[in-house]
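Peer 1: My questions are about this predicted structure, shown below with the sequence.
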Amino acid sequence: MTHETKEPYYAVIFSSQRTNGDNGYSLMAEKMEQLAADQPGFLGVEGVRDALGAGITISYWESLEAIGNWKQNQLHQAAQQKGKQVWYQNYQIKICKVEREYWF
């Protein structure tokens, strides 16, 4: 995410609790980040995960339409399904409109 982004834009906040073991998760997460970066309207992504598997990933998008298109991407949908079956104990998604940002 660069600081040259013009507001408003949108943030998709994905909070999750991972299951034990990698089970192909790391490779798929890398693929999804690369695939998202190629999507029209994608602005960037950042995330953290602790040693117990709790994590937050925030992706940034130019519009709600861009977010909807990403949600409908077939490879992304396959990863979502695998996430529900194998990789996550639970997750929550929030979509927020960013009106203003500050940085130091």
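Peer 2: Arrived safely, thanks for sending. Numbers count the residues shown, from 1 in each chain.
Peer 1: tell me, what residue is most central in this protein?
Peer 2: Ser59 (4.6 Å; CA atoms, centre = their mean).
Peer 1: Confirm that one sits in a strand?
Peer 2: Yes - using DSSP: H, G, I helix; E, B strand; the rest coil, the secondary structure at Ser59 is a strand.
Peer 1: Correct me if wrong: it contacts Gln39.
Peer 2: No - between Ser59 and Gln39 there is no contact under CB atoms under 8 Å: 9.7 Å. (C-beta placed from N, C-alpha, C; glycine too.)
Peer 1: returning to what we had before: how close does the residue nearest to the centre of the chain get to Phe104?
Peer 2: 23 Å (CB to CB, to the nearest Å).
Peer 1: Also Gln77?
Peer 2: On the measure of CB to CB, Gln77 and Phe104 end up 38 Å apart.
Peer 1: try Asn23
Peer 2: 39 Å.
Peer 1: Tell me which of those two has more neighbours.
Peer 2: Neighbours were counted for Asn23 and for Phe104 using other CB atoms under 10 Å; Asn23 has more, 14 against 2.
Peer 1: now that one, nearest residue through space, not along the chain?
Peer 2: Nearest residue to Asn23 in three dimensions, chain neighbours excluded: Val86, at 5.3 Å (CB to CB, 6 or more residues apart in numbering).
Peer 1: just Tyr25 next, same as before
Peer 2: For Tyr25, ignoring the flanking residues on the chain, the nearest one in space by CB to CB, 6+ apart is Trp87 at 4.8 Å.
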